[in-house]
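**Student:** Got a predicted model here, sequence first, then my questions.
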There are 2 protein chains.
Amino acid sequence: MEADARIEAELRAALGRAAGTGCPPRFAAALEHAVFPGGARVRPKLCLAVAGACGDPDPALSGAVAAALELLHCASLVHDDLPAFDNADERRGHPSVHAAYGEPLAILAGDALIVLAFETVARAGAAAPERLPGLLSLIARAVGAPVGIAAGQAWESEPEVDVATYHRAKTGALFVGAVMAGAVSAGADPAPWRLMGEKIGEAYQVADDLLDAMGCADAGKPIGQDAALNRPSCARALGLDGAVARLRTLVAEAATAVPDCAGAPMLRELVTAQAKRLVPKNLAAAAA
Amino acid sequence: MEADARIEAELRAALGRAAGTGCPPRFAAALEHAVFPGGARVRPKLCLAVAGACGDPDPALSGAVAAALELLHCASLVHDDLPAFDNADERRGHPSVHAAYGEPLAILAGDALIVLAFETVARAGAAAPERLPGLLSLIARAVGAPVGIAAGQAWESEPEVDVATYHRAKTGALFVGAVMAGAVSAGADPAPWRLMGEKIGEAYQVADDLLDAMGCADAGKPIGQDAALNRPSCARALGLDGAVARLRTLVAEAATAVPDCAGAPMLRELVTAQAKRLVPKNLAAAAA
């Protein structure tokens, strides 16, 4: 099965458990709304690409890990959109979860998606439980405290912030987690994969800054938020062309950082090809 | 080590990881505030009592499971206190997390505590990883969707609610989880333990209704919330004496439901003794 179809099937199965029999009907709808239709599913695709490059001997486990990463990403978006944070009424061109279902169900949907992510990995790990402690710790590190997504968001409430630290936690950590968890789910040592995850995470942050600065119909969310909220932005610091050049450098470094393994050449090509999608079209020619 | 000291030490160790090096300082303080000083630590004590009755061959695992249950309970309280839910500025006689640190850090603290709970169990399970899928699934079921704490809270956003279903999810599920996870962490079959957990959960809900209806200095939170928010309450339905009688019946049934095991007699005594603390003192004589 193609990666896209595998990811949607895994997410569908996980949602079927959480939003199934016994779930309050509006809550089930809010959970569904948080996960479908999805965005680009970048993190689970990256996870499966790494698992595949490592031979992917246990697709049930790598598929569950990929779904868990996306569930955690969705949870962070639902909470990030809340009035206490970005106060965004739209996400991916649709009403955000709190806009559609109210703040209580949005908070609870985020909570339940975090729980579902860990449950999804745990149940898929029954065939190779010895991988679970490492896998779950990696995933927890990517999304919790002290250096995961929650900590990254929390830097916005501090009087002083180191921008690199902030971005590494808020955006980078889950990319590092996706790459390293993909390796572990295939039975590989995750350590050599960290650098690649860091480079991709950094590239993605630059791309996100560019999208926010320029606006993009695909983003389906309010634009100019970084400037409006006075958040640090690579596009504001380097200018648009400077940011595009930085993005290209990071992608090249990510491709170079792919560790030697059976699928390394294909993975390097995939990283480079996917990265082209990150550069807004009207800038691609100018900065090429 | 006594159960109380074990629980505090496990919680301290978990918080040390989450609020340690790299954590934004105000976020670290908010996490600490959410967990210390604690309440009665009822759920982790129950978990350790069950594990002990089953022989507790792996105290590192049962201790981690106990801490995880309390972290999840604390997370649910932090989110429950938010303006979108109970809008409670106090908890256990102190400012609630959002009152002390603002809504963004309160939302994120809840998220990070959920993550920390699963990470705590996963890392302690390295010595007996084959127990992790069952353990983590049990814990997830107690706190997520469709029938855990998040789902229980979500019933408050539905136009129609079955009161028993609501209480079973919002309060009962984590007691059932504590009892069954205590058994699994000691290598025992959890199924025979479910009934005891259900009875204790139901008793605790009645006690909570009584506390809310009567007010109690120990609760350290606003009273009369059930009536003010028109929430279902056993104390309102049965009257105070009726609710005390119901509580006593449930405790007796919980003691009877303790499955046969080496520590069953001691556990039955413990349940009965602990339950006395649940009856508000000024009602204990009247309804005896």
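**Tutor:** Yes, it's here. Numbers count the residues shown, from 1 in each chain, chains lettered A, B, ... in the order given.
**Student:** contacts, neighbours, all on C-alpha from now
**Tutor:** Will do.
**Student:** Now whichever strand or helix holds A:Leu11 - C-alpha only, CSV.
**Tutor:** According to DSSP states H and E, A:Leu11 maps onto helix A:3-18. These are the backbone C-alpha positions of helix A:3-18, laid out as CSV (Å, rounded to 0.1, in the frame of the first residue of the first chain):
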residue,chain,number,x,y,z
ALA,A,3,2.4,5.6,2.2
ASP,A,4,-0.6,8.0,1.9
ALA,A,5,-3.1,5.3,2.0
ARG,A,6,-1.4,3.5,4.8
ILE,A,7,-1.4,6.6,6.9
GLU,A,8,-5.0,7.4,6.3
ALA,A,9,-6.0,3.8,7.1
GLU,A,10,-4.0,3.8,10.3
LEU,A,11,-5.5,7.1,11.4
ARG,A,12,-9.0,5.8,10.5
ALA,A,13,-8.4,2.7,12.6
ALA,A,14,-7.2,4.8,15.6
LEU,A,15,-10.1,7.2,15.4
GLY,A,16,-12.5,4.3,15.1
ARG,A,17,-11.3,3.2,18.6
ALA,A,18,-11.4,6.6,20.2
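**Student:** Next, the angle from the helix or strand just after that helix to helix A:3-18.
**Tutor:** Scanning forward in sequence from helix A:3-18 by DSSP H and E, the next helix or strand is helix A:25-35. If you take axes from the mean of the first three to the mean of the last three Cα atoms, to 10 degrees, helix A:25-35 sits at 160 degrees to helix A:3-18.
**Student:** Helix A:25-35 and chain B in contact?
**Tutor:** Yes. Applying Cα under 8 Å from any Cα of the partner chain, one finds helix A:25-35 touching chain B at A:25-27.
**Student:** re earlier: which other helices and strands does the helix holding A:Leu11 contact?
**Tutor:** On a contact count with 3 or more Cα pairs under 8 Å, 6 or more residues apart in numbering or on different chains; DSSP states H and E, helix A:3-18 meets helix A:25-35, helix A:42-53, helix A:59-80, helix A:103-124.
**Student:** Pull the distance from stretch A:264-280 to the chain's centre.
**Tutor:** The gap between where stretch A:264-280 is centred and where its chain is centred comes out at 16 Å by Cα atoms, centre = their mean, to the nearest Å.
**Student:** buried ones in that stretch?
**Tutor:** For stretch A:264-280, the neighbour count (16 or more other Cα atoms under 10 Å in any protein chain shown) marks A:264, A:267-268, A:271, A:275, A:278-280 as buried.
**Student:** can you put the helices and strands packed on helix A:3-18 in a markdown table and add mean neighbour count and mean pLDDT?
**Tutor:** As requested, these are exported to a markdown table (neighbours: other Cα atoms under 10 Å in any protein chain shown; pLDDT from 0 to 100):
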| stretch | mean neighbour count | mean pLDDT |
| --- | --- | --- |
| helix A:25-35 | 22 | 98 |
| helix A:42-53 | 25 | 97 |
| helix A:59-80 | 26 | 98 |
| helix A:103-124 | 27 | 98 |
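**Student:** Please produce CSV containing those helices, extended by distance to B:Ala14.
**Tutor:** Output for the helices and strands packed on helix A:3-18, formatted as CSV (distance: least, Cα to Cα, whole Å):
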stretch, distance to B:Ala14
helix A:25-35, 29
helix A:42-53, 27
helix A:59-80, 21
helix A:103-124, 17
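**Student:** Output stretch A:206-217 as CSV, nothing but the C-alphas.
**Tutor:** Output of stretch A:206-217 as CSV, limited to C-alpha atoms (Å, rounded to 0.1, in the frame of the first residue of the first chain):
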residue,chain,number,x,y,z
VAL,A,206,11.9,28.3,7.6
ALA,A,207,9.2,27.2,5.2
ASP,A,208,6.5,27.9,7.8
ASP,A,209,7.9,31.4,8.4
LEU,A,210,7.9,32.0,4.6
LEU,A,211,4.3,30.8,4.3
ASP,A,212,3.2,33.1,7.1
ALA,A,213,5.1,36.1,5.8
MET,A,214,3.8,35.7,2.2
GLY,A,215,0.4,34.1,2.7
CYS,A,216,-0.5,31.0,0.8
ALA,A,217,-3.9,29.7,-0.2
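**Student:** can you count the residues close to A:Ala100?
**Tutor:** For A:Ala100, the neighbour count with other Cα atoms under 10 Å in any protein chain shown is 16.
**Student:** any idea which helix or strand carries it?
**Tutor:** helix A:97-101.
**Student:** Put the alpha carbons of that helix into PDB.
**Tutor:** Output of helix A:97-101 as PDB, limited to C-alpha atoms (Å, rounded to 0.1, in the frame of the first residue of the first chain):
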ATOM      1  CA  VAL A  97     -12.000  22.700  16.300                       C
ATOM      2  CA  HIS A  98     -12.900  25.200  18.900                       C
ATOM      3  CA  ALA A  99     -14.700  27.400  16.300                       C
ATOM      4  CA  ALA A 100     -16.800  24.400  15.300                       C
ATOM      5  CA  TYR A 101     -17.300  22.600  18.600                       C
END
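**Student:** Which residue ranges of the stretch 101-250 of chain A form helices?
**Tutor:** For the stretch 101-250 of chain A, the helices defined by DSSP state H, counting those that start in this stretch occupy A:103-124, A:132-143, A:149-154, A:163-167, A:173-185, A:194-214, A:225-228, A:234-257.
**Student:** Can you give the distance from the third one to the centre of its chain?
**Tutor:** On the basis of Cα atoms, centre = their mean, the separation between the geometric centre of helix A:149-154 and that of its chain is 14 Å.
**Student:** What pLDDT is listed against whichever residue of the stretch 51-200 of chain A sits closest to chain B?
**Tutor:** The stretch 51-200 of chain A approaches chain B most closely through A:Pro146 (4.1 Å), counting by Cα to the nearest Cα. On pLDDT, A:Pro146 comes in at 98.
**Student:** go on, A:Ala285?
**Tutor:** At A:Ala285, the pLDDT value in this model is 60.
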